[in-house]
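S.K.: no sequence on this one, just coordinates:
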């Protein structure tokens, strides 16, 4: 589990999945990311400006799967910038704060954003963060769970603060992506991910928002 | 003046859970007869505001508060050594968030600043025994009242003889109709002394006129105008989207600097950011603007402190509220001046930033083609790492004191400092890491560029190098955009 938490520059992976973290401002996206990639939580974190990036490689069914995660700013004004990062993403965590009902109500708006800008087959997980604030809970677990089922989303409640379910939520998402990709291994362009038949590193997507234009080494076609 | 500044704040923050904390509201008691108005909650639809006024524990922060001072509310607390510690304006303990019901140091306080070489910590042996009425140590300038009226008064307290910024003080002291602003710009470019920074920034931003006869009246008018605007805007119902964003961002502003953890400073920032946003509907409040307000705020607060005092550790509850009120207004106006030059950074689709990022890429191509090619080969987009540089003026990349030094130069280049010149500075910043970057691949590059710890050991010399390099490149390339592209 503790695979390359600190510096994950390794080429030792078979799959590379691009994931985006979206959701309202201040729901804890950046701390979810730092908990997952560095096992860190920062009480004094500043608002994310634009987009930030981190990675981690984990094992799924004996395969090395590298998650390349883009953490986006929550404010509406940055939508034009951040939407560019949805392209090529195979998974998304739509995060809300369980103690803040507004952030939950925004979820459908975020799903629409995904629909407009992301790949049609993107796998989305709904994440209710700050589960440590159960005494201030404003969003019942059942309600969110039902919403997730209706909309075919994965679902978890997490606490970046005490690390509860953070591993689980990312693993669940990456595993679903992995399963989808391996099922469609002969027709995977649609998913932005691809399994290479030969050995060696597989780069399945480009990290840039304009990835469809580029045509060099890190793009596998 | 005091009437206008008779603000009333809510001080109940801590009794509410974080997500439903008491939203600060703001209104003015015009006079006693308008009391009925003060019981009405204006512009906020939050349920806990609807309680009867008796259950609210408001504290009126007004110049009159001086009289609350060191007698009544304090005595029980002062029996403890912890309370004694509070007597220093700069306490270094962690219980600094007790709110605004502390005593604060007013005009009667004697400045002992010069006695302490290390003013961030006032040594306990200088404190009075708890039985005797404590004589608080002040790091506030003795003549702060006069500085409030006329910022030039600060010059009187300076030892001009062996002052290393001799030329600057001479310039400011010149007994003429108006200042030589060009020469002032030159001085500011090279970096300003702490004591004079606030004054020079206000002059170069055109906030206070260089003509001495108009200074006081202009300042008075501007401060009154701000206060009137506050009253108008906060009397209307709030734009909840803007307000919500501001109140979640303000507590996350400069979290490593203690000054910003005090409720009184957070409320101040909330107000001025909200007023700015309402007055600039094309952009509204955008994350990052909160950062930009803070160098100005700090520098202006510093004007009222003795030179050695570190404003970052100031306990603002100990300041005369008149200082806070005037600094708030001055900060608002000067922030407005700066943002006026970069407003298209914050409007829909942020075209100003897009343009700057493109300029940065073009400049990099000309100055360091190998780096440019490497970046492109690795599919790294300039936008991915430099968006924040533009949006927050490198404030996430560099420590506050370095930003303040950088702004001496930006302000001397006003109105182009924060847009055109900033791109050259960003380019110089990128070049600092050119060798390392050329050895890296996409992922390493982006992680390295977004990691702020790489400048942790930077000092003023590094920033001055950056500024000099930026200047040279600006001179070389400013007018070369078209034909080299």
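M.R.: Happy to help now that I have it. In this text the structure is predicted, and so the values were computed from the model without any measurement. Residues are numbered from 1 along each chain as shown, chains lettered A, B, ... in the order given.

S.K.: What confidence value was assigned to the residue of the stretch 301-450 of chain B found nearest chain A?
M.R.: With C-beta to the nearest C-beta as the measure, residue B:387 is the residue of the stretch 301-450 of chain B nearest to chain A, at 3.9 Å. Every residue, glycine included, has its C-beta placed from N, CA and C. Looking at residue B:387, its pLDDT reads 96.

S.K.: Ok, the one 4 residues further on next?
M.R.: The score at residue B:391 is 97. That number is its pLDDT.

S.K.: neighbours around whichever residue of the stretch 151-300 of chain B sits closest to chain A, how many?
M.R.: Here the stretch 151-300 of chain B gets closest to chain A at one residue, residue B:255, 3.4 Å apart by C-beta to the nearest C-beta. Residue B:255 has 14 neighbours, counted by other C-beta atoms under 10 Å in any protein chain shown.

S.K.: State the pLDDT value of the nearest residue to it once chain neighbours are set aside.
M.R.: Counting by C-beta to C-beta, 6 or more residues apart in numbering or on different chains, residue B:255 lies nearest to residue A:44, which is 3.4 Å off, once chain neighbours are set aside. Here, the pLDDT recorded for residue A:44 equals 88.

S.K.: Could you tell me the phi and psi values at residue A:44?
M.R.: phi -110, psi 40 (degrees, to the nearest 10).

S.K.: do the same with residue A:23
M.R.: Dihedral pair for residue A:23: phi 140, psi 170, per degrees, to the nearest 10.

S.K.: same question, residue A:18
M.R.: phi -90, psi 130.

S.K.: Let me know how buried it is, in neighbour terms.
M.R.: Around residue A:18 there are 28 residues (other C-beta under 10 Å).

S.K.: Go ahead and confirm it touches residue A:70.
M.R.: Yes - using C-beta atoms under 8 Å, residue A:18 is in contact with residue A:70, at 7.1 Å.

S.K.: Spit out the residues that contact the two alike.
M.R.: Residues touching both residue A:18 and residue A:70 (C-beta atoms under 8 Å, 6 or more residues apart in numbering or on different chains): residue A:89.

S.K.: Could you tell me the end-to-end distance of stretch B:402-422?
M.R.: Stretch B:402-422 has an end-to-end distance of 14 Å (criterion: C-alpha to C-alpha, to the nearest Å).

S.K.: where does the stretch 101-250 of chain B come near chain A, residue by residue?
M.R.: B:241, B:244-245, B:248-249 (C-beta under 8 Å from any C-beta of the partner chain).

S.K.: now the residues you listed as a markdown table including secondary structure, pLDDT and neighbour count?
M.R.: Formatted as a markdown table, those follow (DSSP: H, G, I helix; E, B strand; the rest coil; pLDDT from 0 to 100; neighbours: other C-beta atoms under 10 Å in any protein chain shown):
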| residue | secondary structure | pLDDT | neighbour count |
| --- | --- | --- | --- |
| B:241 | helix | 94 | 13 |
| B:244 | helix | 96 | 17 |
| B:245 | helix | 96 | 27 |
| B:248 | helix | 95 | 20 |
| B:249 | helix | 97 | 24 |
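
S.K.: Reformat those as CSV; add distance to residue B:380.
M.R.: What follows is these, written out as CSV (distance: C-beta to C-beta, whole Å):
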residue, distance to residue B:380
B:241, 34
B:244, 34
B:245, 30
B:248, 31
B:249, 28
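
S.K.: on that earlier part again, run a quick check on the residue nearest to residue B:255 versus residue B:258, I expect a contact.
M.R.: No - look at residue A:44 against residue B:258 with C-beta under 8 Å: they stay out of range, at 11.4 Å.

S.K.: which one of those two has more residues nearby?
M.R.: Applying other C-beta under 10 Å to residue A:44 and residue B:258 shows that residue B:258 carries more neighbours, namely 20 against 10.

S.K.: Regarding the more buried one, what are the backbone dihedral angles?
M.R.: Residue B:258 adopts backbone torsions of phi -60, psi -40, taken as degrees, to the nearest 10.

S.K.: Likewise for residue A:21?
M.R.: Dihedral angles of residue A:21 (phi, psi; degrees, to the nearest 10) stand at phi -110, psi 120.

S.K.: Could you give the bridge partners of it?
M.R.: Residues in a beta bridge with residue A:21, per DSSP bridges, are residue A:71, residue A:93.

S.K.: ok, now which ones touch it?
M.R.: Contacts of residue A:21 (C-beta under 8 Å, 6+ apart): A:29, A:32-33, A:69-72, A:92-93, A:95.

S.K.: one more time with 6 Å, if that's ok
M.R.: A:29, A:33, A:71, A:93 (C-beta atoms under 6 Å, 6 or more residues apart in numbering or on different chains).

S.K.: Mind pulling up the pLDDT for it?
M.R.: 97.

S.K.: Equivalent analysis for residue A:184, please.
M.R.: 76.

S.K.: Tell me how many other residues surround it.
M.R.: For residue A:184, the count of nearby residues is 16 (other C-beta under 10 Å).

S.K.: For it, give its distance to residue A:121.
M.R.: Note on residue A:184: its distance to residue A:121, by C-beta to C-beta, to the nearest Å, is 9 Å.

S.K.: now residue B:331
M.R.: According to C-beta to C-beta, residue B:331 and residue A:121 sit 50 Å apart.

S.K.: same thing with residue A:36?
M.R.: The value you get for residue A:36 to residue A:121, if C-beta to C-beta is used, is 23 Å.

S.K.: higher neighbour count, these two?
M.R.: residue A:36 (26 against 15).

S.K.: Surely the more buried one touches residue A:168?
M.R.: No - with contact defined as C-beta atoms under 6 Å, residue A:36 and residue A:168 do not form a contacting pair (10.3 Å).

S.K.: What is the neighbour count of the residue of the stretch 301-450 of chain B closest to chain A?
M.R.: If we define neighbours as other C-beta under 10 Å, then residue B:387 has 23 of them.

S.K.: What sits closest to it if chain neighbours are left out?
M.R.: residue A:50 (3.9 Å).
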